[in-house]
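Engineer: Give me the fold of what follows.
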Amino acid sequence: MNTAIYDSNGIHEISIDSLLNHKRMIYLEGEINDVMAVKVSKELSQLIQEDANEPVKMFINSGGGSIDAGMVIYDIIQSAPMPIKTYCLGRAYSMAAVLFCCGGHGRYLLPHSKVMIHEPLIPYGAGGKTSSVQTIADDLKKTKEEMVEILSKHTGQTKRKLRRITLNDAFFKGEEAVKFGLADKVIGFAEMMEA
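Structural biologist: Take a look at the predicted model:
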């Protein structure tokens with residue numbers, strides 16, 4: 001989708017994504033995968049080059065996806081020099097919930113947005129030799145503990161409570177997410193768009 005920009009040189013057509021990036025807004029939408037991880041890393045690299053101190057807004061609407069790809073984005077958010085604020089537009093499930101709640105400079109969601117956490121799922125197509133299946137199971141256990149540690153760090157909840165609550169899909173809407181420590185505040189869309 002494109003939009004028109006008017007300046008002293010006339011009218012220019014620019015993509016909405018480019019315009020939003022220029023305004024230091026990044027959107028994580030859809031499945032979290034390697035393509036998204038590379039896209040986000042490129043966008044944040046460019047924003048760091050432009051101004052390493054100016055805050056960035058990251059808007060999330062995702063049902064989750066690959067933990068490996070998500071951890072690339074997580075590591076970038078945690079080590080970026082500029083403040084990154086996260087906003088949930090609709091849903092932040094699974095790995096998207098981890099990315100949403102790790103925004104250390106403000107985590108905001110709309111009143112009816114939902115955040116869902118659960119333990120890691122078995123990767124699609126996992127199978128093979130018995131020893132391979134055992135290796136996958138061992139890796140999933142390590143990954144689960146890593147996710148519990150990360151969620152504990154960003155929510156303030158105990159690891160024991162998180163191990164128990166993530167056995168099943170745990171959904172949090174608006175104020176429930178704030179109370180659990182997954183978000184800081186419920187706000188309206190106009191407030192999200194404010195500079």
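Engineer: Relative to the longest strand anywhere in the chain, what are the paired strands and their orientations?
Structural biologist: Taking DSSP state E as the criterion, the chain has its longest strand at strand 84-93. Partner strands for strand 84-93, per DSSP bridges, with pairing direction: strand 56-62 (parallel), strand 107-109 (parallel), strand 114-117 (parallel).
Engineer: Could I get the CA-only coordinates of it as CSV?
Structural biologist: What follows is strand 84-93, C-alpha atoms only, in CSV (Å, rounded to 0.1, in the frame of the first residue of the first chain):
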residue,chain,number,x,y,z
ILE,A,84,12.1,0.0,22.1
LYS,A,85,8.5,0.3,23.2
THR,A,86,6.2,-2.6,22.4
TYR,A,87,2.5,-2.4,21.5
CYS,A,88,0.0,-5.3,21.1
LEU,A,89,-2.5,-4.7,18.4
GLY,A,90,-5.0,-7.6,18.6
ARG,A,91,-2.9,-10.5,19.7
ALA,A,92,0.5,-11.5,20.9
TYR,A,93,0.5,-15.3,21.3
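Engineer: List the contacts of it.
Structural biologist: With Cβ atoms under 8 Å, 6 or more residues apart in numbering as the test, strand 84-93 has contacts from 55-64, 77, 99-110, 113-116, 177, 183, 192. The way it works is simple: take the backbone N, C-alpha and C, and place the C-beta from them, glycine included.
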